[in-house]
Each structure stands twice: as C-alpha cells, then as structure tokens.
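> What follows is a predicted protein model with its sequence.
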Amino acid sequence: MKSITELDHYELLDVSRDATREEIERAYRVAGATWEDGSLATYSLYSDVEAEALRERIEYAYGVLSDVDARAAYDAGLAGGATRSEPERIPLDLELTFEEAPRGELPPSGLEFEESFEEDGTPYDGARLRRNRLQRGIDLDQIARVTKVNPTYLRFIEEDHFKDLPASVYVRGFVTAYARCLGLDPARVVPEYMERFEAARPPTELTPTKMVRAVRTAGGRRSRR
Amino acid sequence: MDRIADPGRAERLARAILSDVMLYNADKVKAGIEADDLFERLREELDEARAFFEERVESDVAARSNAFGRALVDVLVYRSRAVRSRIW
C-alpha cells in the first residue's frame, strides 16, 4: 500500500485520471470533510502536523486538477514518468544542484565554508538568516540560482514577510533549501523559522487559488505555460 | 570570530552586502542615480553596510583592498547603467 506521500493528485483525491471538473470538486469536498481538523480520521491516525500537511497536499492537488492549464502540465509530467510525489513541483525535498553555482563566485557547495560562524543562540528568523548569508559573502540571487527558489520569496523569508509567502508546505521547503545552501543545519533552522511563520499564518488562509498561484510562481523547476 | 584576512573574500563580502542594499532599496538607488545624489540619498543604508563590512574584515585588508569602495561602484552604480542620468 502506498503512503500518502507516494500518491499522485488523482489517487489522493480518489478520482480517475479522466475525472471531470465536477467529479474533482466533489472528491475535494469529500476529502476536505474526511480530513478536516478534528475529524475522526485525523484524530485517530495523524498528529496535528501530519494532518495539516495532508490537508495542504489535498488543497494543492485540487488546485492543480481544477485548473485546466495546471492539470495539463501535471498530466504531461505523469505521462513523462515524473515521480508520483512530484518533487519538481512541491519543493518539499529540494534536490540542490550545487554544480550550477554561478561563475565560480559561490563556494562549490553550500556545505563547504572555511570558517565557522557565530551562533548567537537566538531563534532563526529572517534577519538572522540574512546575517548568516552576508557573513558568507553570498548575495540573494546566488541563493536563488542554487536553490531554484524565486528570489522574491527568499527576500520575503528574510524580511519575515509571512503574509506574502505561499503555504507553509512550500515555505518549509524554501527555508530548508536556504539553510542547506548556507551550510546551516535545517533540523535546527526550519523548526525555529516555521514556528514563527505558523504563528503568524493560521492554516485557514490556505485556498486553492493561493496554491495554484504558488505553483505558478514559486521556484523555477515546475512546468510553465 | 576571526575577521576576514583574504582580499578575495573581503571583496565577495562587500559585493554581497551592496547587492542587498541594491535589492532592498531599488527605488532609492534608481532615484539616486537619476538625480546623481546616490550616496547622499542612501547615506544611512551605506553607513550601515560599511559598518557591517568593517566589522567582518581585518582593518588593514579593508583599507588596502578598497573592496567596499570598488563594490560600491560596481554593484550600485554600474549595475544601474540603464537608468537615465547625467552620470553617463
């Protein structure tokens, strides 16, 4: 049996590949009710964090499948043998390609710096991330090129501009990529950053429209129209 | 924390800092180029940027290499060459 993360969007919503828009909407409503906060399913099977991630995945799947262009691009990816969990569109597990570091200005790997940098012990917020980046002599465009994350989002992350960032599932991926690029430990950076992000961004702000917008604008590796 | 003693790294730091000044103050930089009063208009930001640079770099390296000054021109001025100005 596949785990949730292995399901494609159709499997997640339990619809066929040729499902109509109406069938997808109906499936989305059913899935939403099944996995809503406090439901028996989420209460008994998943932690709050897992349930939230699952709801975001459902929102994302619905956002893609209910948009003609996004769905066509997604179908093309499936037909081309893209992995079911769609890492090229959901930057949960960004595979950094450091060999693309620009013009030799950036250290060959975000993990290879000549010195250790100060640890002031304060939680990681945008300002601290920025300070770490500058201490390494790396500009934001370089981070964007290496991580494939839209520089505008990187800037919002550094400014703690939470309301203009996409859903937390994306931000988690962005911050993970950012931290790795600087040679910081994502296991330390991400929870500290996300705690502040999630406190400022209640899950109710998540909508299919925002998810679709995020798909179209976040990162650089997804299909474009 | 050791200060930077390598001129190449000092230069990279200066460019990163000033790229940030450019990124976070794009409108002011453009206005400063247009009016040819860039350094005056961005005095506060540039003072802060220079202080950060000098805090991180050995003072003799900072003075000898003039990395900050060169980056100032390369990053803030030269990258703005598309802006209409009497500078050009």
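Thanks, I have the structure now. Numbering: from 1, shown residues only, chains lettered A, B, ... in the order given.

> Of all the residues in the longest helix seen in chain A, which ones are buried?
When chain A is parsed with DSSP state H, its longest helix is helix A:48-65. For helix A:48-65, the neighbour count (16 or more other C-beta atoms under 10 Å in any protein chain shown) marks A:51-65 as buried. Glycine gets a C-beta too; all of them are placed from N, C-alpha and C.

> Equivalent analysis for stretch A:143-155, please.
Buried-residue list, stretch A:143-155, by 16+ other C-beta under 10 Å: A:143, A:144, A:145, A:146, A:147, A:148, A:149, A:150, A:151, A:153, A:154, A:155.

> Residue B:68 against residue B:53, yeah?
Yes. Using C-beta atoms under 8 Å, residue B:68 is in contact with residue B:53, at 5.1 Å.

> Name the residues contacting each of those two.
Residues touching both residue B:68 and residue B:53 by C-beta atoms under 8 Å, 6 or more residues apart in numbering or on different chains: B:14, B:17, B:62.

> Among these, which are located in helices?
With helices defined by DSSP H, the entries of the shared contacts of residue B:68 and residue B:53 inside them are B:14, B:17, B:62.

> Also near chain A: which of those, exactly?
Contacts with chain A within these, as defined by C-beta under 8 Å from any C-beta of the partner chain: residue B:17.

> Which of the ones in helices among the shared contacts of residue B:68 and residue B:53 has the largest number of neighbours?
Tallying neighbours with other C-beta atoms under 10 Å in any protein chain shown puts residue B:14 at the head of these, with 28 neighbours.

> what sits against that residue?
B:53, B:67, B:68, B:70, B:71, B:72.

> Return the closest of the residues you listed with respect to chain A.
Nearest to chain A among those is residue B:53, at 9.1 Å by C-beta to the nearest C-beta.

> near chain A, which residues of chain B show up?
Residues of chain B found near chain A (C-beta under 8 Å from any C-beta) are B:1-2, B:9, B:12-13, B:15-17, B:19-20, B:23-24, B:52, B:56.

> which one in those is the model shakiest on?
Lowest in pLDDT among these is residue B:1, which has 66.

> quick one: low-confidence parts of the chain?
Here I'm looking at chain A. Scanning chain A for pLDDT under 70 picks out the ranges A:1-6, A:34-51, A:80-120, A:202-225.

> looking at chain B here, not the other one
Counting by pLDDT under 70, chain B shows low-confidence ranges at B:1.

> ok, how many other residues are close to the residue nearest to residue A:21 when sequence neighbours are not counted?
Counting by C-beta to C-beta, 6 or more residues apart in numbering or on different chains, residue A:66 is the residue found nearest to residue A:21 once chain neighbours are left out, at 6.5 Å. Residue A:66 has 17 neighbours, counted by other C-beta under 10 Å.

> List the contacts of residue A:66.
Residues near residue A:66 by C-beta under 8 Å, 6+ apart: A:21, A:24, A:25, A:28, A:208.

> could I get the residues you listed as CSV with secondary structure?
Below are these laid out as CSV (DSSP: H, G, I helix; E, B strand; the rest coil):
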residue, secondary structure
A:21, helix
A:24, helix
A:25, helix
A:28, helix
A:208, helix
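
> Among those residues, which one lies nearest to chain B?
residue A:208 (31.5 Å).

> on that earlier part again, reformat the contacts of residue A:66 as TSV; add neighbour count.
As requested, the contacts of residue A:66 are exported to TSV (neighbours: other C-beta atoms under 10 Å in any protein chain shown):
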residue	neighbour count
A:21	12
A:24	21
A:25	16
A:28	21
A:208	18
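
> Quick one: the helices in chain B, in order.
For chain B, the helices defined by DSSP H occupy B:7-24, B:26-35, B:38-41, B:43-56, B:59-65, B:67-71.
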